[in-house]
Structures are given as C-alpha cells and as structure tokens.
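> need coordinates for the following:
(2 chains)
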Amino acid sequence: MRVVLAEDSVLLREGLAGLLERFGHTVDAAVADAPALVAAVEEHAPDVVVTDVRMPPGFTDEGLRAALTLRRARPELPVLILSQYVQQAYVEEIMGPGVGYLLKDRIGHVTEFVDALERVAAGGTVVDPEVVRQLLAKRRDPLRRLTPREREVLALVAEGRSNAAIARALVVTDAAVAKHIAGILAKLDLPPAEDDHRRVLAVLAFLRG
Amino acid sequence: MTGARTPGPGTSASGLTEAASGFVGAGAGSEGVVPGAGGTARGSGRVAGGARTALEAITGRPLSFLRSSWPWRSLAYLLSGALFGLFALVLIDVMVIFSVPAAVALGVLIVMCGGLVIGRFERWRLRLVDAAPVPDPHGRPREPGARAWFLARFAEQTTWREFGYALAALLALWWIDLGVLALSCWLPLTLISGPFQPSLSLPLGLLATVAGFVILPVTAYPITAWAGARAAVARAILSPRDAELIEVVRSRARLVDAFELERRRIERDLHDGAQQRLVALTLTLGMARLDLEPGSPAAGRVAEAHEQALLALAELRELIRGVHPKVLTDRGLPDAAVDVAGRSPVPVEVDIELSGRLPAPVEAAAYFVISEALANVARHSRAGHCRIRGRLVGERFLMEIRDDGRGGADPAGGTGLAGLADRVAVVDGRMTLSSPEGGPTVVRVEIPCG
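Numbers count the residues shown, from 1 in each chain, chains lettered A, B, ... in the order given. Prediction:
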C-alpha cells in the first residue's frame, strides 16, 4: 500500500513513516503542509492519504480542506484524517466511504491505527471512538433502549469494524455479535445492511440525527 | 468616650440591633480600633444609632438622635460653610468699594486657585458629618517640581470638579447654609428672647422663652438634613467612590486578560510541544512492543511503559482542556460548547447561534460557565436533560443553561458557582441562578461585547 503523509511535526511525521514501513507499506512522500500534500498526491497517486487537520501556515484546518479538495478531484481517494480534538462539524463535512477520522492520540495504539488505515484504504469508514461517544451522549430516547452491551457493539460498528473484528474485540462469538447488531438496527429502526461501511454510514446518520 | 460607648442595659439592645442592621463592620469600628482624634469623633458619632453619616442619623430614634453629636456636628458644618462664605463675600464687597474689576478678579482668583484649597478644606470639613474616610482623589505628580505638579493637577478631572464645586459653593451653597441656619433658628431664638422683647409682658415673655426651648430641638432636623444632603453632594463631587471602583474593576479585567493570554500560551506550548512528543513516544513504544518477543521480561516492561505513556497522553489532553481548550481557540464558542456537551453524561442540547466570533475574554468566560455548569448538572442535579441556549442580542451575549434536575443548587455550597460569577463579573457580565427545590435549575449569563 502506497501512502502520502502530511504532518507538520517532524517527530510525528518520521514516527508515522517508520510505523507504516514497519507494517510493510510504502511512504511515497511525507510532507509538512497542505500545498505540498496536494502536489505530492498529484505526483504519486497514492492508495491512501494520511493528513493532520492543523498545519501551517494558518494552523487551523488546512489539512482538512486539502483533503476535501483532493476528494473533489478524486472522490474514491481514501483519506485518513488525524485531529487534535473531536470536531463534530468536520465529521459532518467529510464522512463517507474511504474516509477515516481519528484523534491523534490513537496513533499510539499502533496495531489498531494501522488496522484502521487499512480499512480506510479498502474503502471503509472509520470514526474515532470519541466521536461515537459524543454522538451517543447527545442522542436520547431510542439509544436509551439499547443495552450496555449493544451500546458497546454500536460504538465498534461506527468505528467501521466488521462483525468478526467486533467479536474479537469483545471476546464473543460472531453469532452473538450478529444478534446484537440485528437488535440494535431493529431498535433504531435502521434497515439491515450486510456491507460494513454502509452499516457505519447508516449508524452515523442516525447518531447525527 | 468609653463611658459613652458603654450604654446601660436598657439601651444596649437597641444599640446592638441598630448596629447589626446598620452596616457591616460597625462592630469593629465601635470597638475603638480607630486610632486618634478622628477615631474618637467617629466613635462617639456611631453610638447614636450606629449611623455613619448625618443623613443616616436623622432617620434614627428622635431621642438618641437628639442626644447624639450629629445635630451639633451638622450645626458646626453649616456654620463653618456660612462663615467661609460670609468671609469671601465681605472680602469681595470691600474690593467692590475700591474697584469693581479688582473684585471680579478676586472672585475669579478665589474660585480658580482656591478650587484646590477649597476642595481640600471641604473634604476636611466633611468628616464632621460623614464618618466614612474621605480619600483625596488627587494623584501624585510623576516628577518633583512645581511645573510637574501644575501639569498633573491641570490634567486631572478632580481639579475641575473642585473648581466647579468652589464656584457652586461661592455662588450658592454657602448662602444656602446661612439661609438654612437663619430660618431654622429664627423662630426658637425669637421666642427665647421673649423677656427682652419690648412688645411682650414679662410673664408672656417667660412663656415664650419656655416655648422656644421646647421647640429648639426641632431645629436639629432641618439643620442636620441640609448638612447631610450637602455632605452627600460634596462627597460625590470631591471624593467620588465610583472612580476608585471603576479603576479596581478595570485592573481586575486587565489581570484576567493577562491570565487568558497566559493560558493560551501554555495551551499552545503543551499542544505543540509536550503533546506531540508524547504521541511520538507512544508510537515508538508501541512499535518497540511489536519488535520484542512476546512474554519476555523486556516486552512486559515496554508494554507497561507504553500503557503509562498512553495514560499520560490522556491526562495531558484533559489538562489542556482545563487550561484553555484548543477547540475554543480554533473554532469559537458554539463548537467548544458542543465539545463539552459531548463529554457530559447527561444529554445536552446545544443551541448557540452567533454570526461571528465573540471577543476572546467573553468566549473564555462563557466557555468556563458552560463547562462548570455541566459538571454541576452531572454531579448534583440528577437531570435527564440539559439545554444550552446562547444568542447575541444587540451588543450583549445572553446565555441560558437549563436542566430538568432536582434543583436546590446553592452558590454558597461550594459548587463553583460563586467562582463562575466572579469570572463573569470581571468581563462586566452578570450571572443569575434560579434553582428552587425540585428544579428546574436555570443559570443565566449576560455579558456585554461592546
């Protein structure tokens, strides 16, 4: 998998590049600002882009806007966005197939991070657990009907995990997970969906209200 | 003084209640901690109904008022004013006899140059009828020398207030002093002088004298009333309390601004420095874990270090949030409010609509109100729902945080509400709380943004 990386902190940029190479991916370019990111993507046509939201020169949301620009030109380009803090507005603007949105802190959980990146590259959707938690906190009535276990499963679904991955994470059988998901979808009046990322989007759409 | 201050058992009760209902600090003042002659005067004045000014004293019980020194002090106050006026007038009159321009010049001179002197004299005199200290509002010139002094005085608002006061005193106030004295004393004094009146027989004259002495105490009222009113005017013009307060509030606001800047700087430093490093550290440790043979002692240690680093990162994130949240700096209040709301265990509906960014201190104050209020909702209210509403109305930011909990929030209960009110107050805002037993609790905040 070929990756273009944009992150203004040298320490993190090098660390991320090292991590991705450690997992057998190629880092085509590691850049420090948004214009360089756009140029590098045009030059290398990577499989996936990893970008920080806040980058020079303005240190606001240059990385995010660059990602939006890139996806307008190539809607299928997978992008993983790293943010310092959860920004609901961003989630609304960008979420879709092949988009991931993670807090920077998740980089430290290296295997989960690389796993998430691979899912995004494969066209999946990944949302940071913190986003899910906040959305869960905001919504009221139907979510109250969920059992604590179902809430856990829902959070993992929103993160874009497959049934098998959820089963592994919660140490239960695939069948149990399928049952929980069916229960959740029924309680939230969502149509059953086999496809993982469609399911994520349905759940996200529901959580956003 | 000590004798006067130790009233008999009969009067002590009323004295105590009056002191208690009067003003805070009366107890300490009347215990005689105020040193010097001024202290004595103030102390004995306070014994009469615990009043602080002549105007307060006049509303007390007639007997204790009449027995107090206030009527005499008021009389002295008016007499000194009237005499001063008389003296100035005679001086000017004498001058007029010799030369009109010289008289006008003298009048102007008294008012102009005398402003400062008269101001000082009037402030000094004020202690007769006003026990509160009368600070001199003049500033100290920055440099020594007559020129610096003159420039400093010329630039001061106080100087011009004194000038205006001197003009008013010369043209009216001193005459009114004289008039009030004359009118108040005319009837009783006339009656008292009955035996010496040729139109009255001796018994009638003696009767008039008795009647005069009977109504004499009544004159204490108009004299004290005018002295008190005049003193209030003099205090307002010559030693305004507001000036001091405004300056204090301003300097507090400056301090808060400085704190706010400092918090932002700390937040930025933590973000760009420590946090990035910690993320890189967790990344390195995470990779080291992968490279080590599972089950080896080194793997255990590194795993532990990795977990610790992840925890430190989480703690740092919380810390930064408390110092000055990034989302507030970057995106403003509505987004920051959504961020706090998202972390609340009680569902929170955020409805803040603003056309642009609020001034930074307002944003920060409002943010910390939301943050603390939601923490209280989570901790104490047992609410099932909370709603934050914020709007800019004209040049004021209005915000309301309402929950459907059990109410009974008490600002004195150490819930941080008083601290919040302070925070709002330094940006000139107001915070009100309504939290009846049984709920709902409503916190309202109003902050000017002009």
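
> chain B contacts on chain A?
For chain A, the residues found near chain B under the criterion C-beta under 8 Å from any C-beta of the partner chain are A:9, A:11-12, A:15-16, A:18-19, A:22, A:54, A:60-61, A:84-89, A:104-105, A:107-111, A:133-135, A:137-140. All C-beta atoms are positioned from the backbone trio N, CA, C, and that covers glycine.

> check what pLDDT residue B:440 gets.
Looking at residue B:440, its pLDDT reads 88.

> number of residues surrounding it?
Residues lying near residue B:440 (other C-beta atoms under 10 Å in any protein chain shown) number 18.

> and the gap between the residue nearest to it when sequence neighbours are not counted and residue A:22?
Spatially, and ignoring its direct neighbours in sequence, residue B:440 is nearest to residue B:404 (5.3 Å; C-beta to C-beta, 6 or more residues apart in numbering or on different chains). In this view, residue B:404 and residue A:22 are 52 Å apart by C-beta to C-beta, to the nearest Å.

> hang on, isn't residue A:169 packed against residue A:155?
No: look at residue A:169 against residue A:155 with C-beta atoms under 8 Å: they stay out of range, at 10.1 Å.

> and these two? which has more neighbours close in?
residue A:155 (21 against 15).

> tell me which element residue A:13 is part of?
helix A:10-22 (DSSP states H and E).

> buried stuff in that helix?
For helix A:10-22, a neighbour-count test (16 or more other C-beta atoms under 10 Å in any protein chain shown) marks A:12-13, A:15-17, A:19-20 as buried.

> for stretch A:70-89, which residues meet the burial criterion?
So for stretch A:70-89, counting by 16+ other C-beta under 10 Å, buried means A:70-71, A:77-88.

> scratch that, stretch B:384-402 is what I was asking about
B:386-388, B:390, B:392, B:397, B:399-402.

> got it, and stretch B:83-103?
Quick answer for stretch B:83-103 (16+ other C-beta under 10 Å): B:84-85, B:88, B:92, B:95, B:103.

> ok, residue 121 - contacts?
Using chain A here. Residue A:121 makes contact with A:1, A:47-48, A:78, A:98 under the criterion C-beta atoms under 8 Å, 6 or more residues apart in numbering or on different chains.

> wrong chain, I was asking about chain B
residue B:84.

> doesn't it lie inside a strand?
No: Residue B:121 is assigned helix when assessed by DSSP: H, G, I helix; E, B strand; the rest coil, not a strand.

> where does it land on pLDDT?
Residue B:121 is given a pLDDT of 80.

> which SS class is residue B:444?
Strictly by three-state DSSP, residue B:444 counts as strand.

> just to revisit the earlier point, and the next element down the chain from the helix holding residue A:13?
strand A:26-31.

> helices and strands around that following strand, which ones?
strand A:2-6, helix A:10-22, helix A:34-44 (3 or more C-beta pairs under 8 Å, 6 or more residues apart in numbering or on different chains; DSSP states H and E).

> and residue B:366, which of the ones you listed is closest to it?
helix A:34-44 (31.2 Å; C-beta to C-beta).

> need the contact partners of the closest one.
A:2, A:4, A:6, A:28-29, A:31, A:49, A:51, A:55, A:62-63, A:65-66, A:69-70, A:77.

> repeat for stretch B:436-450
Contacts for stretch B:436-450 (C-beta under 8 Å, 6+ apart): B:358-359, B:362, B:365-366, B:369, B:373, B:377, B:381, B:383, B:392, B:395-409, B:417, B:424, B:427-435.

> give the buried residues for it.
In stretch B:436-450, counting by 16+ other C-beta under 10 Å, buried: B:439-447, B:449.

> and the residues you listed as TSV, adding distance to residue B:254?
What follows is those, written out as TSV (distance: C-beta to C-beta, whole Å):
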residue	distance to residue B:254
B:439	39
B:440	37
B:441	33
B:442	32
B:443	26
B:444	26
B:445	21
B:446	22
B:447	17
B:449	18
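
> element containing the nearest residue to residue B:313 once chain neighbours are set aside?
Among residues not flanking residue B:313 along the chain, residue B:278 sits closest, at 4.6 Å (C-beta to C-beta, 6+ apart). Per DSSP H and E, residue B:278 falls inside helix B:276-291.

> counting contacts, what elements does that helix pack onto?
Using 3+ C-beta pairs under 8 Å, 6+ apart: helix B:276-291 touches helix A:10-22, helix A:110-121, helix B:297-323.

> show me what the longest one is packed against.
It refers to helix B:297-323. Using 3+ C-beta pairs under 8 Å, 6+ apart, helix B:297-323 sits against helix B:241-269, helix B:276-291.

> out of those helices, deepest packed?
Scoring those by mean neighbour count under mean count of other C-beta atoms under 10 Å in any protein chain shown gives helix B:276-291 as the most buried, with a mean of 20.

> model confidence over that one, on average?
Helix B:276-291 comes out at a mean pLDDT of 91.

> tell me the domain boundaries of the chain?
No chain in the question, so chain A it is. A:2-127, A:131-208 (automatic domain parsing).

> please refer instead to chain B.
Split by automatic domain parsing, chain B gives B:2-50, B:72-239, B:260-323, B:328-448.

> lowest mean pLDDT across those, which one is that?
domain B:2-50 (a mean of 38).

> now chain A, which segments are flagged as low pLDDT?
For chain A, applying pLDDT under 70 flags the ranges A:89, A:136-144, A:193-198, A:201-202, A:205-209.
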